[in-house]
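Asks: I would like the atomic coordinates for the input below:
(2 chains)
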Amino acid sequence: MERDDIIEYSLDAHHSEEVGKKIRRKILLVTAILTVITAFEVAVGALVHQDSPAWKVVKLIFIALTLLKAGYIVLVFMHLGDEKKILKYCILVPYFIFIIYLIFISLTEANAVHTAWETYGG
Amino acid sequence: MAGHATTHVDTATAWGGKVSPFNVSYGKLMMWFFLVSDALTFGGLLVAYGYTRHTTQSAWPIGEETFDSLPFLGHGYPLMYVALMTFILIVSSVTMVLAVEAGHRMDKKGVMKWMIATIIGGFFFLGSQAWEWSHFIHGSQFGNVEIMSGEHTGSRAIVKGHFGDLESFTIVQAGSNHKVGDVIKETPDELFHHFRTAVMNGQVKDGKITLDDGSVATWKKKNDEHMELIIKTDGTGHSLSKTTKIHGKDAEAKYWESVNSGKKGTIIYGADMTNNEYGPAQYGQFFFFITGFHGFHVFSGVIINILIFLGVARGTYHKRGHYEMVEKTGLYWHFVDLVWVFVFTFFYLV
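Replies: This next block holds a predicted model:
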């Protein structure tokens, strides 16, 4: 009997050498981007000190660059960008809801604790 | 034949519903779910680190001051080593994605080649981390000093610079192994080992060191160079700290005054679970926990990669008609890289 119960998956579909070439070029481009970002971060980290007035901005830039790197890794290396939209959002949306809430609640609480210690001594 | 279950149920079949809303196989979907939960674990750890850092009253260490060494080259290379580790992990992620790509072309040799590269990259990363831990635990030759006089009395300072090599100990009071006038000549590292132990036990006082056997000695050493004491006091903006730096002769006087005080705990060397020379105790604890947990993920990733590599070499996936197993382990391996990107930022940079 012929099997009729195997589902065809888009990413299981094999690709040809030409398509592979394109994919490899994209991979190398992303590698270059990740390397340049990391080198930039290290250079800035070594040059700008935490007591300098620019630090607050630098910190935000670091976080933005980290999210950019994470985006490239998840969407290109892990192919989440090529998956169906519904899968992409089922993975990303719940995670971001939880983690943003966690960051918000923890840092708010931490700052309150810090202020309390500063005010009343610890 | 109707009514007979097929004996070979592969993962694709096991979905059972025929139509996959996500258009991925069961195994891959479950890998994604696992990664989400694991990402929440790491997220929780990093948020806990942020919490501690925001509540803490004592000044938090700065990445480029704590991690400024390279193997064989010593100090003065802020963040270079961590950058190298990051680069190694990024490259091994790239070789993994190339293995996945080769799998899509059913190129068995290509998959094998890139998987070997990935495994080697993983081992390199683990080795680097071992060096980093060892360096973190042993610490610098100066350690962290409690200042005993002047306006900063009672503050602790981290010490930068070059510790002059110890040359010899000269016995001035006999013990069970040495008599007066003996000169102990060992390598600077061996002498330093005795010296460090004695300082930690409060057995160095007024230029004299009490050795294991009870004998007392004076020491001869080369001059320290470029010594700098960095004192941090809590600033107003939460984790930001106010930094005071003492250089040169003043720094040397203050440092050696504390060494020669004969008091236990004035100098803290390296790091363990209760104390470290870099900053608050929680700093060391989070370092061990977060980088350790990540390192454990890398280690298990390498093991899984090796197992899958063997499967590739044996032709298991080629016979199956697709290399989805390589893709799934690839997902895990990229995840490990992803976590490191965040650890790198929040532990070393910010």
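Asks: For burial, what's the neighbour tally of B:G265?
Replies: 9 (other Cβ atoms under 10 Å in any protein chain shown). Where you see a C-beta, it was placed from the backbone N, CA and C, and this is true even at glycine.
Asks: ok, the closest residue to it other than its chain neighbours to B:V180 distance?
Replies: Spatial nearest neighbour of B:G265, chain neighbours left out: B:E146 (7.3 Å); criterion: Cβ to Cβ, 6 or more residues apart in numbering or on different chains. In this view, B:E146 and B:V180 are 33 Å apart by Cβ to Cβ, to the nearest Å.
Asks: Counting neighbours, go ahead and name the busier of these two.
Replies: B:E146 (17 against 13).
Asks: hmm, back to that, show me the beta-bridge partners of the residue nearest to B:G265.
Replies: B:R156 (DSSP bridges).
Asks: That one and B:V259 touch, don't they?
Replies: No: checked against Cβ atoms under 8 Å, the pair B:E146 and B:V259 is beyond contact range at 10.5 Å.
Asks: Common neighbours of those two, please.
Replies: B:266-267 (Cβ atoms under 8 Å, 6 or more residues apart in numbering or on different chains).
Asks: and the residue in chain A positioned nearest to chain B, how many neighbours?
Replies: Here chain A gets closest to chain B at one residue, A:A110, 3.5 Å apart by Cβ to the nearest Cβ. Counted with other Cβ under 10 Å, residues neighbouring A:A110 total 21.
Asks: Which phi and psi values does it adopt?
Replies: phi -60, psi -40 (degrees, to the nearest 10).
Asks: how about A:E18, what does it touch?
Replies: Contacts of A:E18 by Cβ under 8 Å, 6+ apart: none found.
Asks: For my notes, confirm it occurs in a helix.
Replies: Yes: under DSSP: H, G, I helix; E, B strand; the rest coil, A:E18 falls within a helix.
Asks: give me the element the residue of the stretch 51-200 of chain B at minimum distance from chain A is part of.
Replies: Residue of the stretch 51-200 of chain B nearest chain A, by Cβ to the nearest Cβ: B:H54 (3.5 Å). For B:H54, the element it lies in under DSSP states H and E is helix B:26-55.
Asks: Counting by contacts, list what that helix packs against.
Replies: Contact here means 3 or more Cβ pairs under 8 Å, 6 or more residues apart in numbering or on different chains; DSSP states H and E; on that basis helix B:26-55 packs against helix A:85-120, helix B:11-14, helix B:281-286, helix B:292-314, helix B:324-343.
Asks: Please name the nearest non-neighbouring residue to B:Y77.
Replies: B:L70 is the one closest to B:Y77 (Cβ to Cβ, 6+ apart), at 4.8 Å.
Asks: before we move on, back to that, residues in contact with the residue nearest to B:G265?
Replies: By Cβ under 8 Å, 6+ apart, the neighbours of B:E146 are B:154-156, B:258, B:265-267.
Asks: now do B:F142
Replies: Counting by Cβ under 8 Å, 6+ apart, B:F142 has contacts B:159-161, B:163, B:227, B:255, B:267.
Asks: The residue nearest to B:Y77 contacts B:P78, correct?
Replies: No: B:L70 lies out of contact with B:P78 (Cβ under 8 Å); the separation is 10.3 Å.
Asks: Show me where chain A dips below the pLDDT cut-off.
Replies: A:1-13, A:121-122 (pLDDT under 70).
Asks: Please, which helix or strand holds the residue nearest the centre of it?
Replies: Nearest to the mean C-alpha position of chain A, by Cα atoms, centre = their mean, lies A:A70 at 2.1 Å. Assigned by DSSP H and E, A:A70 belongs to helix A:55-72.
Asks: tell me which residues of that helix are tucked away?
Replies: A:58-59, A:62, A:65-66, A:69-70, A:72 (16 or more other Cβ atoms under 10 Å in any protein chain shown).
Asks: And for stretch A:99-106?
Replies: Buried-residue list, stretch A:99-106, by 16+ other Cβ under 10 Å: A:99, A:102, A:106.
Asks: and that stretch, how far out from the chain's middle?
Replies: Its chain's C-alpha centre and that of stretch A:99-106 lie 17 Å apart, by Cα atoms, centre = their mean, to the nearest Å.
Asks: what comes into contact with it?
Replies: Outside stretch A:99-106, the residues touching it (Cβ under 8 Å, 6+ apart) are B:40, B:43-44, B:47-48, B:50-51.
Asks: show me where the stretch 51-200 of chain B has helices.
Replies: Using DSSP state H, counting those that start in this stretch, the helices of the stretch 51-200 of chain B run over B:63-66, B:80-104, B:108-138, B:188-200.
Asks: Find the one among these with the highest mean neighbour count.
Replies: Of the helices of the stretch 51-200 of chain B, the one with the most neighbours on average (mean count of other Cβ atoms under 10 Å in any protein chain shown) is helix B:80-104, at a mean of 23.
Asks: Show me what that one is packed against.
Replies: helix A:17-47, helix B:108-138, helix B:324-343.
Asks: What's the mean pLDDT across it?
Replies: If you average the pLDDT over helix B:80-104, you get 92.
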